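In: Based on what follows, work out the 3D shape:
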Amino acid sequence: MIKKLFQRLESIIALSQSILTPKQFIFLSSVLVGISCAFAVIVLKTFAHSVFSFATYINGILKLSFINSILPIIGIVLTVFVVKKVLNGTIQKGTSQILYAVAKKASIIPKKQMYAQIITSSLTVGLGGSAGLESPIVITGAAFGSNYAQNYKLAYKDRTLLIGCGVAAGIAAAFNAPIAGVLFAIEVLLVDVSISAFTPIMISAATGALVSAIVLDESILLSFKKQENFDYHNIPFYLILGVLTGLVAIYYSRNFQRVEHYFAKQQIGTYKKALIGSSLLALLIFIFPTLFGEGYESIKILSEANPGQLLNNTLFGDFRNNEWVLLLFVGATMMVKVFASGLTIGSGGNGGNFAPSLFLGSYLGYFFSKLISLTGLSHLPISNFTMVGMAGILSGLFHAPLTAIFLIAEITGGYGLMIPLMIVSSISFAISKRYEKYSLDVKNLAKKGHAFTSNKDSNILSTLDIDTIIQCDYLTVHPEENLSKLVDLISHSNQVVFAVVNDEKDLVGVVHFNDIREIIFNAYRVKYTQIKDVMKTPAEIILSHDSMEVVMTKFERSKTAFLPVLRNEKYFGFISKSIALEAYRMKLRSMTIE
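Out: Numbering: from 1, shown residues only. Prediction:
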């Protein structure tokens with residue numbers, strides 16, 4: 001029955017494609033992708049919330065948090081099992097894979113990503129893994145967009161645009177924040193989008209948010225009702241919070257990767273790795289139960305009138321009314337969150353860092369404002385600092401200040417905090433960017449030489465394959481030959497530069513036609529001058545494994561139009577600067593989303 005329904009729906013969409021104009025079909029597609037992503041969010045969020053409610057109910061009866069410790073072990077082991085038995089042993093994690101697919105894979109995302117992320121992240125995070133669902137949601141949305149476009153044979157530009165639609169719809173549905181969804185898609189993933197491309201992305205984000213608002217229980221979403229008025233006298237404290245969030249974002253980014261890389265280096269079985277990592281995570285959750293799952297419920301509690309509820313059913317429950325104990329608990333939880341998230345992902349679980357960044361920011365905002373209030377330096381609006389702190393960490397960790405500002409503005413139900421949000425987010429971004437060139441999700445790509453940033457030129461150059469522009473058919477000369485041989489080659493070819501190679505094919509120099517123009521019209525000098533007497537050492541040498549960005553840098557330094565290429569330390573060919581620039585222009589034209 002369901003299969004027939006989908007077949008009928010596909011027939012209707014195919015018919016509409018033949019009737020509608022290409023732009024109209026993209027608008028229709030953005031709505032359909034938005035609906036699909038919204039239902040994926042609903043499934044994920046509902047499952048995760050149900051498991052959290054069940055664990056909380058059991059803990060309320062048993063008065064001890066050991067159930068919270070057992071469930072993450074089960075979830076991570078089940079995730080590893082599903083990856084090995086159902087997903088052919090591999091699953092890509094993190095939004096960086098979307099960047100890579102857009103730049104290197106012609107916006108082709110495997111079909112299995114349409115369900116792989118939902119299954120694995122629901123097991124990991126739903127059963128208590130200390131990570132977020134937003135990254136899997138974003139990847140799922142991108143996979144929906146990419147595979148929809150492939151199914152209806154849309155071009156690269158449209159595939160990329162629908163990936164952006166899926167990403168925007170996923171974030172919009174997860175937070176009921178359509179503006180933040182649009183900004184995240186453009187600011188983090190699609191760095192080169194024309195104004196006209198905004199429309200389908202906005203349609204998709206609005207659709208995702210609307211479906212989520214209608215179907216999903218509002219209590220499951222991260223939202224805040226309590227908000228105090230902004231007081232400009234507190235601006236110095238917001239400036240300090242901006243600095244703190246920037247530094248903590250750097251702390252999180254570096255330590256998360258340390259934990260993740262530590263597990264990656266361990267030469268042990270996947271199940272053993274999962275058990276070790278999840279057991280350490282279970283110990284952390286036993287001591288700090290608020291590390292369980294996404295942590296959004298604890299964020300809500302922290303911003304409300306009675307934050308002491310955080311200590312209920314914990315080892316510190318008897319101190320729930322002691323503000324200093326609560327402050328120390330919040331500070332300690334904040335510092336160990338990175339290790340909980342690193343253990344979750346590194347040991348084999350699946351999730352993202354979006355929710356942990358909000359968790360960390362809220363705890364930091366509360367800790368800072370409460371500490372100032374308890375010491376008597378000032379009486380700060382703790383709920384405001386709790387919410388603004390989230391924007392600071394999100395901005396610093398993902399290098400996405402606009403997304404951070406508007407996400408918190410939307411989930412707080414108004415724009416009364418816009419000024420402190422702008423202050424904290426911009427300072428945090430500036431500090432993080434100063435010490436961390438790439439955002440957390442882009443770091444791994446950067447280490448592999450596939451860094452995609454807001455620098456459009458760097459992005460496009462990184463997508464060009466150097467092998468496609470190397471000219472290997474250039475004629476060469478031997479250093480012991482005289483110029484008569486070179487003159488003969490010049491008269492029978494269009495070459496203006498020649499590589500000088502020895503018997504072992506080693507590059508020993510180059511000869512430019514312009515450098516010998518005067519000599520070749522003197523018959524005597526041509527006959528008695530050897531090539532080694534007129535050749536020059538190349539200003540720069542390109543290696544066959546160099547990236548195009550490196551190649552263009554070498555052209556700029558050398559101020560020449562041709563550079564020789566070595567492969568395995570032997571002469572291989574030449575690259576012409578004009579051909580390289582033409583390849584850049586062609587790629588730019590194909591990648592511009594309109």
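
In: pretty sure residue 356 contacts residue 337?
Out: Yes: under the criterion of Cβ atoms under 8 Å, residue 356 makes contact with residue 337 at 6.0 Å. The way it works is simple: take the backbone N, C-alpha and C, and place the C-beta from them, glycine included.

In: going on from the lowest-mean-pLDDT helix or strand in the chain, what's the next piece of helix or strand?
Out: Lowest by mean pLDDT, DSSP states H and E among the helices and strands of the chain is helix 456-463, with a mean of 60. Following helix 456-463 in sequence order, the next helix or strand is strand 470-471 (DSSP states H and E).

In: contacts for that following strand?
Out: 544, 565, 572, 573, 574, 575, 576, 579 (Cβ atoms under 8 Å, 6 or more residues apart in numbering).

In: which element is the fourth one on?
Out: Taking DSSP H and E as the criterion, the element that holds residue 573 is strand 570-576.

In: what lines up beside that strand in the sheet?
Out: strand 470-471 (antiparallel), strand 562-567 (antiparallel) (DSSP bridges).

In: which residues are contacting that strand?
Out: 466, 469-474, 476, 497, 499, 501, 504-507, 542, 544, 551, 561-566.

In: of these, buried ones?
Out: Buried by 16 or more other Cβ atoms under 10 Å: 466, 469-470, 474, 497, 499, 501, 507, 542, 551, 562-566, out of the contacts of strand 570-576.

In: Stretch 244-264: which residues count as buried?
Out: Neighbour-count burial for stretch 244-264 [16+ other Cβ under 10 Å]: 244-250, 252-253, 255-257, 259-260, 263.

In: Helices of the stretch 351-500 of the chain, residue ranges please.
Out: 354-374, 382-398, 401-411, 418-435, 440-447, 456-463, 483-491 (DSSP state H, counting those that start in this stretch).

In: which element is residue 90 on?
Out: Here residue 90 is assigned to no helix or strand, by DSSP H and E.

In: just to revisit the earlier point, point out the one among the strands paired with strand 570-576 that comes closest to residue 367.
Out: Set against residue 367 and scored by Cβ to Cβ, the strands paired with strand 570-576 come closest in strand 562-567, at 55.1 Å.

In: tell me the mean pLDDT over that closest one?
Out: Per-residue pLDDT over strand 562-567 has a mean of 88.

In: again, but for stretch 397-408
Out: pLDDT averaged over stretch 397-408 gives 90.

In: Dump the C-alpha coordinates for that stretch into PDB.
Out: Taking only C-alpha atoms (Å, rounded to 0.1, in the frame of the first residue of the first chain), the coordinates of stretch 397-408 have been written out as PDB:
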ATOM      1  CA  LEU A 397      32.600  26.500  17.500                       C
ATOM      2  CA  PHE A 398      31.000  26.700  14.100                       C
ATOM      3  CA  HIS A 399      32.300  30.100  13.000                       C
ATOM      4  CA  ALA A 400      28.600  31.000  12.300                       C
ATOM      5  CA  PRO A 401      27.800  34.200  14.100                       C
ATOM      6  CA  LEU A 402      24.600  35.000  12.100                       C
ATOM      7  CA  THR A 403      23.200  31.600  12.700                       C
ATOM      8  CA  ALA A 404      23.900  31.800  16.400                       C
ATOM      9  CA  ILE A 405      22.300  35.300  16.700                       C
ATOM     10  CA  PHE A 406      19.100  34.500  14.900                       C
ATOM     11  CA  LEU A 407      18.700  31.000  16.300                       C
ATOM     12  CA  ILE A 408      18.700  32.200  19.900                       C
END
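
In: what's the spacing between that stretch and its chain's center?
Out: Between the centre of stretch 397-408 and the centre of its chain there are 13 Å (Cα atoms, centre = their mean, to the nearest Å).

In: now stretch 518-527
Out: 61 Å.

In: How far does that stretch stretch from one end to the other?
Out: End-to-end distance for stretch 518-527, by Cα to Cα, to the nearest Å: 14 Å.

In: what do you get for stretch 482-496?
Out: Stretch 482-496 end-to-end distance (Cα to Cα) = 17 Å.

In: Point out where the stretch 151-300 of the chain drops to low pLDDT.
Out: Counting by pLDDT under 70, the stretch 151-300 of the chain contains low-confidence ranges at 191-196, 218-219, 222-228.

In: Quick one: residues contacting residue 229.
Out: 381, 416.

In: helix or strand for it, which one?
Out: Residue-wise, residue 229 maps onto no helix or strand under DSSP H and E.

In: What distance do you get for residue 505 to residue 541?
Out: Residue 505 sits 14 Å away from residue 541, going by Cβ to Cβ, to the nearest Å.

In: One more: residue 177?
Out: Look at residue 177 and residue 541: by Cβ to Cβ, they are 51 Å apart.

In: Who has more neighbours out of those two?
Out: residue 177 (27 against 16; other Cβ atoms under 10 Å).

In: Correct me if wrong: the more buried one contacts residue 171.
Out: Yes: Residue 177 is in contact with residue 171 according to Cβ under 8 Å; the separation is 6.9 Å.

In: Quick check: neighbours shared by those two?
Out: Counting by Cβ under 8 Å, 6+ apart, the residues touching both residue 177 and residue 171 are residue 407.

In: can you tell me which of the helices of the stretch 351-500 of the chain the model trusts least?
Out: Across the helices of the stretch 351-500 of the chain, helix 456-463 gives the lowest mean pLDDT, at a mean of 60.

In: Give me the nearest residue to residue 426, chain neighbours excluded.
Out: Nearest residue to residue 426, sequence neighbours excluded (Cβ to Cβ, 6 or more residues apart in numbering): residue 401, at 5.7 Å.
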